[in-house]
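**Student:** have a look; sequence and predicted model below, questions after that.
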Amino acid sequence: MAATAKADTAAYLEPTWFKNAPALPAAKSISGENANSERQIANPALDPTEIDRTVKLYIGGKQARPDSGYSMEVRGRNREILGEVPLGNRKDIRNAVEAARKASGWAKTTAHNRAQILFYMAENLSQRRDEVAHRLSHAVGEAQASAEVNSGIERIFSYAAWADKFDGAVHNPPFRNIAIAMNEPIGTVGIICPQEVPLLGFLSLVLPVVAVGNTVIAVPSETYPLVTGDLYQLFDTSDLPGGVVNIVTGYSSQLLKVLAEHDDVDAIWCFADEASAFAAKSFSTGNLKQVFTNEGRAIDWFDVKQGEGRWFLHHATQVKNIWVPYGE
């Protein structure tokens, strides 16, 4: 029992800095009516010769059109229209969960292989650094966009290194046994990504989950969900098996409820305002899934002490204790 308690205490602990983190502002609902009622402003930064991309959902390693057939507008810093993304619904979440379950073999691949795929992913994002930053800058500004891409590359490299090093431990109980504490993936994890950092927030939450062998259904930031187009191209070119990461765009408040109530989702991560954190806990009681939230507090995703590390890896794994008796 002593070994079990020691191995599991991390699930109930918080970093010291987190207790004093400021609260995030309450999320503002971005409804279709409000968006359509606002005057469209031309954006001179956009190249008029550039062809609009048709961004789709990413389910089972394939681009997919939304079940509803509807889309939502994405607006830039000055409220100019940057494009449209699919408006995901309950059916799209269900398809994404099924695809994630079918990709459960990801947990059985060796940690070394998972690490190699993540290293490859970082290299590919590095090759596309300028174009991804250029598109992202229309939503968050050039300085933040460049910082997000640079930090995102470093974050991928970091979790690629962690993939085969976040291992278990051997405990010595007070009798003739050894207890081997093994870190194992939870299964299928639903993730509501933070609004304020569309690219880095996505990578900071999805990567620790994927690195240890879980599969993911992610809802990207409503601030710039067009980042989905760059992400699924990145996954496709980095040998990531289909279904390991699934992306459903839409209104976070609506998709959060569907994900949290889904009985085939093993855990829910929600990094949004306090109301969303409370909703994630309330809606997830149906199958008592694990819940990991920011409690409505602000996290500096550019700070490696706050935005990455063991705190996230502990919540992405569960500990299996194997008791091995031995003689003289």
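**Tutor:** Sure, I can see it.
**Student:** now do the residue lying closest to Gly60 once chain neighbours are set aside against Phe235, distance only.
**Tutor:** The shortest distance from Gly60 to any non-neighbouring residue, by CB to CB, 6 or more residues apart in numbering, is to Ala99 (3.5 Å). (C-beta placed from N, C-alpha, C; glycine too.) Look at Ala99 and Phe235: by CB to CB, to the nearest Å, they are 13 Å apart.
**Student:** spit out the residues that contact those two alike.
**Tutor:** Both Ala99 and Phe235 are contacted by Gly61, under the criterion CB atoms under 8 Å, 6 or more residues apart in numbering.
**Student:** okay, which residue is most central for this protein?
**Tutor:** Centrality entry for the chain: nearest residue to the mean C-alpha point is Val206, 3.2 Å, by CA atoms, centre = their mean.
**Student:** tell me who's in contact with that one.
**Tutor:** Ile191, Cys193, Val216, Ala218, Val245 are the contacts of Val206 under CB under 8 Å, 6+ apart.
**Student:** now it: which helix or strand?
**Tutor:** helix 198-211 (DSSP states H and E).
**Student:** quick check: next helix or strand after that helix?
**Tutor:** Per DSSP H and E, the first helix or strand lying C-terminal to helix 198-211 is strand 215-219.
**Student:** what sits against the residue nearest to Gly60?
**Tutor:** Ala99 neighbours (CB under 8 Å, 6+ apart): Ile59, Gly60, Gly61, Gly242, Gly243, Asn246.
**Student:** and it, how far is that from Leu136?
**Tutor:** Taking CB to CB, one finds Ala99 at 26 Å from Leu136.
**Student:** give me the below-cutoff pLDDT ranges for the stretch 1-150 of the chain.
**Tutor:** Residues of the stretch 1-150 of the chain meeting the criterion pLDDT under 70: 1-12, 27-51.
**Student:** coming back round to it: out of the contacts of Ala99, the closest to Val324 would be?
**Tutor:** Checking those against Val324 by CB to CB gives Gly243 as the nearest, at 34.8 Å.
**Student:** a helix runs through Phe235, doesn't it?
**Tutor:** Yes - applying DSSP: H, G, I helix; E, B strand; the rest coil, one finds Phe235 inside a helix.
**Student:** quick one, grab the pLDDT at it.
**Tutor:** Phe235 is assigned 96 on the pLDDT scale.
**Student:** returning to that earlier point: just the ones of the contacts of Ala99 in strands?
**Tutor:** Residues of these located in strands (DSSP state E): Ile59, Asn246.
**Student:** neighbour-wise, which one of the contacts of Ala99 leads?
**Tutor:** Of all the contacts of Ala99, the highest neighbour tally under other CB atoms under 10 Å goes to Asn246, namely 29 neighbours.
**Student:** okay, and the closest residue to that one other than its chain neighbours sits in which element?
**Tutor:** Among residues not flanking Asn246 along the chain, Ala96 sits closest, at 3.9 Å (CB to CB, 6+ apart). Taking DSSP H and E as the definition, one finds Ala96 inside helix 90-102.
**Student:** rewinding a little: what mean pLDDT does the helix holding Val206 have?
**Tutor:** pLDDT averaged over helix 198-211 gives 97.
**Student:** what about Ile178, which helix or strand?
**Tutor:** Counting by DSSP H and E, the element that carries Ile178 is strand 177-185.
**Student:** for that strand, give the mean pLDDT please.
**Tutor:** 92.
**Student:** show me what the helix or strand that it is followed by is packed up against.
**Tutor:** Counting by DSSP H and E, the next helix or strand C-terminal to strand 177-185 is strand 188-192. If you count contacts as 3 or more CB pairs under 8 Å, 6 or more residues apart in numbering; DSSP states H and E, strand 188-192 packs onto helix 90-102, helix 198-211, strand 215-219, helix 252-261, strand 267-270.
**Student:** partners of strand 188-192 in the sheet?
**Tutor:** For strand 188-192, the paired strands and their directions (DSSP bridges) read strand 215-219 (parallel), strand 267-270 (parallel).
**Student:** and these as CSV, adding mean pLDDT, mean neighbour count and distance to Ile153?
**Tutor:** Shown next, in CSV, are the strands paired with strand 188-192 (pLDDT from 0 to 100; neighbours: other CB atoms under 10 Å; distance: least, CB to CB, whole Å):
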stretch, mean pLDDT, mean neighbour count, distance to Ile153
strand 215-219, 98, 27, 19
strand 267-270, 96, 25, 22
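**Student:** Serialize these to JSON lines and add fields for distance to Arg75.
**Tutor:** Formatted as JSON lines, those follow (distance: least, CB to CB, whole Å):
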{"stretch": "strand 215-219", "distance to Arg75": "18"}
{"stretch": "strand 267-270", "distance to Arg75": "24"}
